[in-house]
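Participant: quick one, what's the 3D model for this:
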Amino acid sequence: MPTFNERGSLPGVIARLRRAVPAAHILVADDSSPDGTGEVADGIGQRDDHVHVLHRGAKEGLGKAYLAGFAWGLERGFDPLVEMDADGSHRPEQLPALLAALDRGADAVIGSRWVKGGEVLNWPLRRKLLSRGGNLYVSLMLGLGIKDATAGFRVYRADLLRSLDLTGVQAHGYAFQVNMSLAVHEAGAGITEVPISFPERETGVSKMSGFIVREAMWLVTKWGLTRRWRQLRRLWRRQA
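Facilitator: As a prediction, the model looks like this:
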């Protein structure tokens, strides 16, 4: 769980996750939250040996926080590894459904808002259109066959993460999820989408910003054009 100023929501989310999947260990990767989120996580960890805290020196973005979390988990032999938000929008009670999909053979699982059975709750129309439109653009540019490539509720097999060149992950914001989807796709691994219910956060402030949207648009365009160029080069070589 990457955190930045999630003091209000974090304790409740951790408590719900511990009830939903009691065997799970939780890593809070906190980017030096000025509201004391890291200290709250430390307090929970002192009472619960399944809760761990990674204090990061500065706010460096979602992507770097997740990469640091992956490295921490892989070094300690955890398998599988789960991404989820600390604001309550990713319902811990739905994690068993994602884990079950992994048990059925998937290499990676996405908790999807936009497959049949998925939903978002209490979102304004503008935000729905932004998310649906963004995912449509990803689909057109990258052809990943994923309905919710920007989703952040995910499960990965440890062996899959070890096989990926994560040093090549470029995105800092929410485009990180698209970057990971692309990396998994190019590795030939299977991605399964499981429908989830995604409510708007009840506390705290969304981290979405204009910079994050622009970064995502630029990177998806860049990745898409690069893939098209590679496809054309392969076609030319076969015809030569």
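Participant: where along the protein do the helices fall?
Facilitator: 10-20, 37-47, 62-75, 95-103, 125-142, 158-163, 175-186, 210-239 (DSSP state H).
Participant: pLDDT below threshold where in this protein?
Facilitator: 170, 203-212, 240 (pLDDT under 70).
Participant: pick out the residue nearest the middle of it.
Facilitator: By C-alpha atoms, centre = their mean, the chain has its centre lying nearest to Gly152, at 2.8 Å.
Participant: Met84 is in contact with that one, correct?
Facilitator: Yes: counting by C-beta atoms under 8 Å, Gly152 sits close enough to Met84 to count as a contact (7.1 Å). Bear in mind the C-beta positions are built from the backbone N, C-alpha and C, glycine included.
Participant: now do the shared contacts for those two.
Facilitator: His90 (C-beta atoms under 8 Å, 6 or more residues apart in numbering).
Participant: could I get the buried residue list for stretch 118-134?
Facilitator: 118, 120, 123, 131, 134 (16 or more other C-beta atoms under 10 Å).
Participant: now Ala106: closest residue in space, sequence neighbours ignored.
Facilitator: With C-beta to C-beta, 6 or more residues apart in numbering as the criterion, Ala106 has its nearest non-adjacent residue at 3.8 Å, and that residue is Thr192.
Participant: ok, Gly168 to Lys64 distance?
Facilitator: According to C-beta to C-beta, to the nearest Å, Gly168 and Lys64 sit 14 Å apart.
Participant: check Glu93 too.
Facilitator: 29 Å.
Participant: higher neighbour count, the two?
Facilitator: Lys64 (19 against 13; other C-beta atoms under 10 Å).
Participant: neighbours of the nearest residue in space to the more buried one that is not next to it in sequence, how many?
Facilitator: Leaving out its chain neighbours, the residue that sits closest to Lys64 by C-beta to C-beta, 6+ apart is His172, at 6.7 Å. Neighbours of His172 under the rule other C-beta under 10 Å: 18.
Participant: and His172, what does it touch?
Facilitator: 60-64, 215.
Participant: now, which of the residues you listed sits nearest Gly73?
Facilitator: Lys64 (15.0 Å; C-beta to C-beta).
Participant: so Asn122 touches Pro199, yeah?
Facilitator: Yes: the pair Asn122 / Pro199 is scored as a contact, 6.1 Å apart, by C-beta under 8 Å.
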